[in-house]
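[1] Dropping the sequence and predicted coords here.
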Amino acid sequence: MSFPLWPWTASAYAHQVDILLLFLWLLAAALSVPVVVALGAFALRYRAGLEVNREHRPSRNITLEVSWALIPFLLTLVFFTWAAKLYFEANRPPPGALEISVLARQWMWKFQHPGGQREINELHVPVNRPVKFTMISEDVIHSLYFPALRIKQDVLPARYTTLWFDADVPGTYKLLCAEFCGTSHSEMGGQIIVMEPADYERWLERTPSDLSLAARGANLFRSLGCSGCHVRSEAVDAPPLWGVFGGPVPLSSGQVIVADEGYIRDSILLPKKAVVAGYRPIMPTFEGRVSEEQLIQLIAYIKSLANDEGYPQ
């Protein structure tokens, strides 16, 4: 039976977090209970008016004092290592994860699947398959929280953050905003529906979607005139985009950065921030001309070119 302070676990990671928390409670009890018991015993034994020996011991028990400091230190070091392992695991999505874009705004969560399916405050995902979120906010700081998965990540304006999970128990679970984001913060929630793979495929088929996320980005890429420069052109010399995403990009400043979602977004809105080596800073800014949702579509299109040696039509 589930209750608000201890929801069901829907992933192996959530189960590991619960075990870590349980052992932390046991460690806290093991270190604090003897102190509290001794404090109470001494308070009774040496209370005012009681005839007892109050002289200090003539010698110290060095072994006891060192053990009392060293053993808790080693125990907490074990828990630090354990928690650090879980932290790094939660921040390293495996290759091949299902990528879903998340757009937060007051007071809703918008999820966009690679096939173009869109959901608001509700998310369908397959069981036993890693799912990776790339998230951004249109207004203030939000925080996407799945209690049953024991994961939470802030969603920031003008910056992408990521989150991943692998749910292994089908069912319907809550999703919440864990960051106070305004007057209707408490209403910014929804549910995640973990489905069997066959059920998820049927859901994708019956959910209307005219174009995939990358296809929408391709149309936008052409309508904004980007293909006039980034496709082979004799008039304008601009960096090619095929095979760029995920790889190193040398800059005119001498730095080398990785072409991730944040780099692509900045290149569209702040093109002079990181100019590619060998090219002039002549690209105009598209700030104010494209929305965050359109930026997600453009990035999805450029990501689709990562292993494509051809050129868009």
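    That came through, no problem. Residues are numbered from 1 along each chain as shown.
[2] contacts and neighbour counts: CA atoms only from here.
    Noted.
[3] and the next element down the chain from the helix-or-strand element of the chain with minimal mean pLDDT?
    Using mean pLDDT, DSSP states H and E, helix 227-230 stands out as the lowest-scoring helix or strand of the chain, at a mean of 78. Per DSSP states H and E, the first helix or strand lying C-terminal to helix 227-230 is strand 248-250.
[4] Now do that following strand: everything it contacts.
    Contact with strand 248-250 is made by 256-259, 276-277, as judged by C-alpha atoms under 8 Å, 6 or more residues apart in numbering.
[5] what does stretch 85-95 give?
    Residues contacting stretch 85-95 (C-alpha under 8 Å, 6+ apart): 13, 17, 130, 132, 162-165.
[6] Straight-line length of it, end to end?
    With C-alpha to C-alpha, to the nearest Å applied, stretch 85-95 spans 19 Å between its terminal residues.
[7] before we move on, back to that, top of the contacts of stretch 85-95 by number of neighbours, please.
    residue 165 (27 neighbours; other C-alpha atoms under 10 Å).
[8] is it true that it touches residue 132?
    Yes. Between residue 165 and residue 132 there is a contact under C-alpha atoms under 8 Å: 6.8 Å.
[9] Now the residue positioned nearest the centre of the chain: closest residue in space that isn't a chain neighbour?
    Centroid-nearest residue in the chain, with C-alpha atoms, centre = their mean: residue 163, separated by 2.4 Å. Excluding the flanking residues, the one nearest residue 163 by C-alpha to C-alpha, 6 or more residues apart in numbering is residue 133, at 5.1 Å.
[10] May I have whichever strand or helix holds the one you found exported as CSV, CA atoms only?
    In the assignment (DSSP H and E), residue 133 maps to strand 131-137. C-alpha atoms of strand 131-137 as CSV (Å, rounded to 0.1, in the frame of the first residue of the first chain):
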residue,chain,number,x,y,z
VAL,A,131,14.3,7.5,-21.6
LYS,A,132,16.3,10.7,-21.8
PHE,A,133,14.8,14.2,-21.4
THR,A,134,16.3,17.3,-22.8
MET,A,135,14.5,20.1,-20.9
ILE,A,136,14.2,23.9,-21.0
SER,A,137,11.9,26.5,-19.5
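[11] Against which helices or strands is the helix or strand hosting residue 23 packed?
    Assigned by DSSP H and E, residue 23 belongs to helix 12-45. Judged by 3 or more C-alpha pairs under 8 Å, 6 or more residues apart in numbering; DSSP states H and E, helix 12-45 is in contact with helix 62-90.
[12] angle of the helix it packs on against helix 12-45?
    Orientation check (axes from the mean of the first three to the mean of the last three C-alpha atoms, to 10 degrees): helix 62-90 against helix 12-45 gives 160 degrees.
[13] Tell me how confident the model is about helix 62-90, as a mean pLDDT.
    Throughout helix 62-90, pLDDT has a mean value of 89.
[14] moving C-terminal of it, what's the next helix or strand?
    strand 98-105.
[15] would you list every one of the helices in the stretch 201-313 of the chain?
    With helices called from DSSP state H, counting those that start in this stretch, the stretch 201-313 of the chain shows them at 213-223, 227-230, 261-269, 292-304.
[16] and the ones you listed, which is most packed in?
    Ranked by mean neighbour count, those are led by helix 292-304 with a mean of 21 (mean count of other C-alpha atoms under 10 Å).
[17] Just confirm residue 143 contacts residue 152, I think it does.
    Yes. Judged on C-alpha under 8 Å, residue 143 makes contact with residue 152 at a distance of 6.7 Å.
[18] Are there residues contacting both of these two? Which ones?
    With C-alpha under 8 Å, 6+ apart, residue 143 and residue 152 have common neighbours residue 178.
[19] Quick one: residues contacting residue 110.
    Counting by C-alpha under 8 Å, 6+ apart, residue 110 has contacts 102-104, 118-121.
[20] Helix or strand: which one has it?
    strand 108-112.
[21] Show me what that strand pairs with in its sheet, parallel or antiparallel.
    Applying DSSP bridges to the sheet, strand 108-112 is found paired with strand 98-105 (antiparallel), strand 118-120 (antiparallel).
[22] what about residue 175, how many neighbours?
    22.
[23] and if you look at the one 5 residues further on?
    Applying other C-alpha under 10 Å, we find 14 other residues in the vicinity of residue 180.
[24] That one: what's it in contact with?
    residue 142.
[25] For residue 187, see how far away it is.
    Residue 180 is 11 Å from residue 187, where distance means C-alpha to C-alpha.
[26] still on that earlier bit, among the contacts of strand 248-250, which one has the most neighbours?
    residue 276 leads those on contacts (other C-alpha under 10 Å) with 21 neighbours.
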